[in-house]
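A.B. asks: can't give you the sequence, but here's the structure:
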């Protein structure tokens, strides 16, 4: 009898959490401002100039009300919860839009996905994950603890996260990545690259540096493997981890400067240095600085570490 009663309660709970669906269509939209509490958003490319919005949710309709407001060419979308407290359920938004739009998305803990679009996009999340594929344009993302994955991007990317990981593959343009304690993985990327992490690692492979680029970690290892000869300055540094620049068979040409803590750091290179100095302008820590001019190129190559190994390889 208890088992039957339990099954009945579960059935009633499931029926109360039944999924509901709302669909809307808008014309003349050039800008979208969207905010969700925990709702996920999927952005897709449409075949017309209209904006199609679909939201599917399991919240009780007495507690939850999706809101839509178009003012001229700006469409505002948000989730409205009646009253206070916690609500059981979830929501998923699907937006089908044309290219060349401007969008701002804010969420507490929702995820965001987009593909095959050219747009100006600004994202903010407390703990949501971001995923992109075959995108062009300008993307700025900020997350407290979410991860970000980018595949096949061309344009300007500025990605920031407090404790999430960031992965960028097969992309080009101006790529700027910052994370507090997550790892950064970059593969087959070209252009101007800036990767900074507080306590995570940076692993960059298949890199083409066409504009000044830098890779820095506070306490993690940094590894950069080139896919072609340097065309601009590069800096590879770690506070207490190893920092390695692998030319991967490409010519080492430029002015090379390598630094390491005298007591705990190590410098390694496949060539002799022109100068070696001991610097004492770092408080009580002595730093060894070695330099070498390779060929006639004026490109600056800087590799440094605090207490790890700074190395350059052919």
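C.D. replies: Right, received. Where do you want to start? Computed from a predicted model, the values in this text were never measured in an experiment.
A.B. asks: for the spatially closest residue to residue 263 that is not a sequence neighbour, what are its contacts?
C.D. replies: Nearest-residue entry for residue 263: residue 286, 6.9 Å, with adjacent residues in sequence omitted and distances by Cβ to Cβ, 6 or more residues apart in numbering. Glycine gets a C-beta too; all of them are placed from N, C-alpha and C. When the contact criterion is Cβ atoms under 8 Å, 6 or more residues apart in numbering, the partners of residue 286 are 261-263, 278-280.
A.B. asks: which one of those residues is nearest residue 173?
C.D. replies: Checking the contacts of residue 286 against residue 173 with Cβ to Cβ, the nearest one is residue 261 at 35.2 Å.
A.B. asks: show me what that closest one is bridged to.
C.D. replies: Partner residues in beta bridges with residue 261: residue 287, with DSSP bridges as the criterion.
A.B. asks: which residues sit in contact with it?
C.D. replies: Contacts of residue 261 were listed using Cβ under 8 Å, 6+ apart, and they are 285-288, 305-307.
A.B. asks: turn the residues you listed into a markdown table, including distance to residue 88 and pLDDT.
C.D. replies: Conversion of the contacts of residue 261 to a markdown table gives the following (distance: Cβ to Cβ, whole Å; pLDDT from 0 to 100):
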| residue | distance to residue 88 | pLDDT |
| --- | --- | --- |
| 285 | 55 | 79 |
| 286 | 61 | 90 |
| 287 | 58 | 94 |
| 288 | 61 | 95 |
| 305 | 51 | 96 |
| 306 | 50 | 92 |
| 307 | 50 | 92 |
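A.B. asks: select only the buried ones of the residues you listed in ChimeraX?
C.D. replies: Isolation of the buried members of these (16 or more other Cβ atoms under 10 Å) is achieved in ChimeraX through the command below:
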select :287,288,305,306,307
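A.B. asks: what's the most distant pair in the contacts of residue 261?
C.D. replies: Taking Cβ to Cβ, the two most distant members of the contacts of residue 261 are 286 and 305; they sit 13.9 Å apart.
A.B. asks: low-confidence stretches in this structure?
C.D. replies: Counting by pLDDT under 70, the chain contains low-confidence ranges at 1-17, 83-86, 281-283.
A.B. asks: do that again at 90, thanks
C.D. replies: Within the chain, the ranges that satisfy pLDDT under 90 run 1-18, 60-63, 65, 80-88, 263, 280-285.
A.B. asks: all helices of it, in order?
C.D. replies: Taking DSSP state H as the criterion, the chain contains helices spanning 2-16.
A.B. asks: what's near enough to touch residue 118?
C.D. replies: Shown in contact with residue 118 (Cβ under 8 Å, 6+ apart): 99-100, 135-137.
A.B. asks: so what's it bridging to?
C.D. replies: In this entry, residue 118 is beta-bridged to residue 136, by DSSP bridges.
A.B. asks: tell me the spacing between it and residue 274.
C.D. replies: As for residue 118, its distance to residue 274 is 48 Å (criterion: Cβ to Cβ, to the nearest Å).
A.B. asks: and for residue 261?
C.D. replies: Taken as Cβ to Cβ, the spacing of residue 261 relative to residue 274 amounts to 21 Å.
A.B. asks: one more: residue 291?
C.D. replies: Computed with Cβ to Cβ, the distance linking residue 291 and residue 274 is 6 Å.
A.B. asks: ok, the two, which is more surrounded?
C.D. replies: With other Cβ atoms under 10 Å as the criterion, residue 291 and residue 274 differ in neighbour count, and residue 291 comes out ahead with 16 against 12.
A.B. asks: what residues are up against the more buried one?
C.D. replies: So residue 291 contacts 255-258, 273-275 (Cβ under 8 Å, 6+ apart).
A.B. asks: would you mind measuring from it to residue 136?
C.D. replies: Plainly put, residue 291 is 40 Å away from residue 136 if you go by Cβ to Cβ.
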